[in-house]
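I would like to see how this sequence folds:
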Amino acid sequence: MTTPAFGGEVSDFYQRFRRGYPAEVADELAAAFALSQVQDVVLDLGCGTGQLTRALAPHARAVLGMDPEPAMLDQARRATSLPNISWLLGADTEVSALLPIIGHGRLAAVTVAQALHWMDHERLFAAARPLLRPGGGIAVVTNGVPLWLQDTAWSAAVRDVVAAYLGTPPHRTGGTDEASQQRYATALAAAGYAVDQRVVEYATTLTVEEIVGGVFSAMSPEQLPAPDARPAFTARVRTALAPHGPLREAVRVRILLGTR
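Model (predicted):
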């Protein structure tokens, strides 16, 4: 895994401004893998500050949130005290090391939300199989298109401001593009999983502050504007968005399933 730099203040922006997940997303995952509150354990890999980890907690006996960035896990711990969540420091390259600890065929699911693009997905899909119980599997979850790549006038305005600041157009899709989704589906099938997909859609209205915070949550600490420069950056975004009225966002959560 090429570990992104999500430490420092970025982890705070991530916790405060990254989209959470509607209850329907966890419901779909629970149904897909027949999760049991009595016996099942779920690993949320690349959990960040735990948005999906927390949503899964009511559906399983235990949920393990695992991430390679200590600052992300610190934010996650502060955000919840649910007794059936444990936080682990580790990356996708260390999944195989969990086998002696968790045991063969003991995991109900491995979820990867908005993080697979940082990982060697083919290696991960193979490494996860021995950990999974029959009927369990892997879920690749993408929580909508990045704020700066949506097909709306306000998103194009955000893209222009970010491009001017960075000196290059922002282009990372976070694995939400069709080519990435197809690549993941093909790799799941090649690793021996039965592949399916679920979709959950919802709509929301954003504030300028939420959009700026979402942009900052995707930057490295080195890219973040200095604290005294952030009001000016926010003002540029506000000015760019002023002609576009309510900042409505239609979010399509894609759940790519690989069942063992």
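
separation between the residue most central in space within the chain and residue 175?
Computing the C-alpha centroid of the chain and ranking residues by C-alpha atoms, centre = their mean puts residue 114 first, at 2.8 Å. Going from residue 114 to residue 175 by C-beta to C-beta, to the nearest Å gives 7 Å. Using the backbone N, CA and C atoms, a C-beta is placed for each residue, glycine as well.

Mutual contacts of these two, please.
Here residue 114 and residue 175 share the contacting residues residue 142, scored by C-beta atoms under 8 Å, 6 or more residues apart in numbering.

quick revisit: from what I see, the residue nearest to the centre of the chain and residue 180 are in contact.
No. Counting by C-beta atoms under 8 Å, residue 114 stays clear of residue 180, with 11.8 Å between them.

mind listing the strands for the stretch 1-150 of the chain?
Residue ranges of the strands in the stretch 1-150 of the chain, as given by DSSP state E, counting those that start in this stretch, are 41-45, 62-67, 85-89, 107-113, 132-143.

any idea how far the last one is from the chain center?
Read that as strand 132-143. Relative to its chain's centre, strand 132-143 lies at 14 Å (C-alpha atoms, centre = their mean, to the nearest Å).

quick one: strands adjacent to that strand?
Next to strand 132-143 in the sheet, as set by DSSP bridges, lie strand 107-113 (parallel), strand 247-259 (antiparallel).

Check which residues of the last one are buried.
Read that as strand 247-259. Residues of strand 247-259 classed as buried by neighbour count (16 or more other C-beta atoms under 10 Å): 247, 249, 251, 253-259.

Same check on stretch 155-169?
155, 157-159, 161-162, 165.

List of residues touching that stretch?
Applying C-beta under 8 Å, 6+ apart, the external contacts of stretch 155-169 come out as 147-149, 170, 211, 215, 223, 225, 233, 236-237, 240-241, 243-244.

distance between that stretch and the chain's centre?
22 Å.

For the closest residue to residue 190 other than its chain neighbours, give me the pLDDT.
Leaving aside its sequence neighbours, residue 190 sits nearest to residue 122 (C-beta to C-beta, 6 or more residues apart in numbering; 7.7 Å). pLDDT for residue 122: 98.

By mean pLDDT, which helix or strand of this structure comes out lowest?
When the helices and strands of the chain are scored by mean pLDDT, DSSP states H and E, helix 99-102 comes last with a mean of 92.

Run through the neighbouring helices and strands of it.
Using 3 or more C-beta pairs under 8 Å, 6 or more residues apart in numbering; DSSP states H and E, no helix or strand is in contact with helix 99-102.

buried stuff in that helix?
For helix 99-102, by 16+ other C-beta under 10 Å, it's 99, 102.

As CSV, could you dump the C-alpha coordinates of that helix?
Backbone C-alpha positions of helix 99-102 (Å, rounded to 0.1, in the frame of the first residue of the first chain) are rendered in CSV as follows:
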residue,chain,number,x,y,z
LEU,A,99,-4.7,-15.1,10.4
PRO,A,100,-2.9,-16.5,13.5
ILE,A,101,-4.8,-14.0,15.6
ILE,A,102,-8.3,-14.2,14.2
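
closest to residue 96 among the buried residues of strand 247-259?
Lowest distance from residue 96 to those (C-beta to C-beta) belongs to residue 258, with 17.2 Å.

ok, now which ones touch the closest residue to residue 105 other than its chain neighbours?
Leaving out its chain neighbours, the residue that sits closest to residue 105 by C-beta to C-beta, 6+ apart is residue 133, at 4.8 Å. Residue 133 makes contact with 105-108, 260 under the criterion C-beta under 8 Å, 6+ apart.

Please enumerate the strands of the stretch 151-260 of the chain.
Under DSSP E, counting those that start in this stretch, the stretch 151-260 of the chain gives strands at 194-206, 247-259.

which strands and helices sit next to the first one?
Yep, that's strand 194-206 we're talking about. helix 23-32, helix 178-190, strand 247-259.

Which of these sits closest to residue 39?
helix 23-32 (13.3 Å).

Show the average pLDDT along stretch 58-65.
In this model, stretch 58-65 has an average pLDDT of 98.
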